[in-house]
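Using only what follows, build the 3D model:
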Amino acid sequence: MKSAPFAAIIAARGVVLFDGALATELERRGADLSSALWSARLLIDDPEAIIAVHLAHLRAGADVISSASYQASRQGFAALGLDAGQADALLTRAVELAHEAVRRHGEPGRLVAASLGPYGAVLADGSEFTGDYALTVAQLVDFHLPRVEAALRAGPDLVLFETLPSMAEGEAVAQLAARFPEVAFMASFSAKAKGLSHGEPFADAVARLDRVPNVIAVGLNCSAPEVIAPLLRTARPARVWLAAAPNSGETWHAPSRSWVGTPTRGDDFGALARSYAEAGARIIGGCCRTRPEDIAAAKRALSMRA
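Numbers count the residues shown, from 1 in each chain. All right, here's what the predicted structure looks like:
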């Protein structure tokens, strides 16, 4: 790997700040995300809306923005009548849109992560939060490989696999990263109180990916805020940085198809960010239902800590 993204930022400020939820802000601005493709549908329908949300997070202080490709795949776009080449081109386009937002923002040093969700996200049946899908590690590698190749055509600063539910999919990411030794990879897992969503210890996932030289960070995302700090403290990485990107604190109520509970906002979200830094995280952002205002609060809180 030619260089390690994040190294200069961490050396200067101690913490890298990621963006918040893309889909949440798109919906708040009026986008219809009812499709199974979620925000990836807007790569076709309204790419400027995606750029606008990227810019909102950059203006809030995010060092890194994640492309609108979490749910993008050949299988998903096939449902819209697109062939493999067209699907790959749209995934590449997602990374290009993130680069365009950085260019428009104009402040140097901002980075683009190519976001890739787990296999379960493509199924759109909730299995992304359990890992209960009957694929071998080799099959998971075969599924993700064209997505990685499509993302890399746009030259992201790193490839981010996020909301991974299981060690099996973490192992697939380890093998994919080994195929692209010059590319920086990051892996982030969803979790419950005692470990990964599928049940394995978070510390084991960190230890496995810590052995892959071009995996630069391993973390937790799309999880309840309160489970993250205790799990971070279980990890003992030799090399990788730890990362944390909680949900807002609301939970999805499937029967009513709505979010319930009270979100963590403003100074309270900033306090969460500080708690993750104190637990060892050097990369911090937000996941479902977090907004640019929350990222701005995290930046204030982490600046105060510095």
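
all contacts plus neighbour counts: C-alpha atoms, from now on.
OK.

Can you tell me the SS state at Val53?
For Val53, the secondary-structure state derived from DSSP: H, G, I helix; E, B strand; the rest coil is helix.

isn't it right up against Leu26?
Yes: counting by Cα atoms under 8 Å, Leu26 is a contact partner of Val53 at 6.8 Å.

Excluding chain neighbours, what is closest to Ala273?
Beyond its immediate neighbours in the sequence, the residue positioned closest to Ala273 (Cα to Cα, 6 or more residues apart in numbering) is Ala298, lying 5.7 Å away.

Could you pull up the contacting residues of Val122?
By Cα atoms under 8 Å, 6 or more residues apart in numbering, the contact list for Val122 reads 37, 71-73, 75-76.

So which of these is the closest to Asn221?
Out of these, the one with the shortest distance to Asn221 is Gln71. That distance is 15.4 Å, counting by Cα to Cα.

doesn't the closest one fall inside a helix?
No: counting by three-state DSSP, Gln71 is located in no helix; its state is coil.

Where do the helices of this protein begin and end?
Ranges of helices within the chain are 7-13, 22-28, 42-45, 47-60, 74-78, 84-105, 119-123, 137-152, 167-179, 202-210, 225-232, 266-278, 292-305, based on DSSP state H.

Let's have the ones you listed in CSV, adding distance to Phe129.
Shown next, in CSV, are the helices of the chain (distance: least, Cα to Cα, whole Å):
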stretch, distance to Phe129
helix 7-13, 30
helix 22-28, 17
helix 42-45, 24
helix 47-60, 25
helix 74-78, 18
helix 84-105, 23
helix 119-123, 8
helix 137-152, 16
helix 167-179, 12
helix 202-210, 15
helix 225-232, 15
helix 266-278, 22
helix 292-305, 24
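
Mean pLDDT and distance to Ser248 added to these, as JSON lines?
JSON lines is the format used below for the helices of the chain (pLDDT from 0 to 100; distance: least, Cα to Cα, whole Å):
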{"stretch": "helix 7-13", "mean pLDDT": "94", "distance to Ser248": "25"}
{"stretch": "helix 22-28", "mean pLDDT": "87", "distance to Ser248": "11"}
{"stretch": "helix 42-45", "mean pLDDT": "87", "distance to Ser248": "23"}
{"stretch": "helix 47-60", "mean pLDDT": "97", "distance to Ser248": "16"}
{"stretch": "helix 74-78", "mean pLDDT": "89", "distance to Ser248": "27"}
{"stretch": "helix 84-105", "mean pLDDT": "97", "distance to Ser248": "23"}
{"stretch": "helix 119-123", "mean pLDDT": "88", "distance to Ser248": "19"}
{"stretch": "helix 137-152", "mean pLDDT": "98", "distance to Ser248": "28"}
{"stretch": "helix 167-179", "mean pLDDT": "98", "distance to Ser248": "24"}
{"stretch": "helix 202-210", "mean pLDDT": "98", "distance to Ser248": "21"}
{"stretch": "helix 225-232", "mean pLDDT": "97", "distance to Ser248": "7"}
{"stretch": "helix 266-278", "mean pLDDT": "95", "distance to Ser248": "8"}
{"stretch": "helix 292-305", "mean pLDDT": "91", "distance to Ser248": "9"}
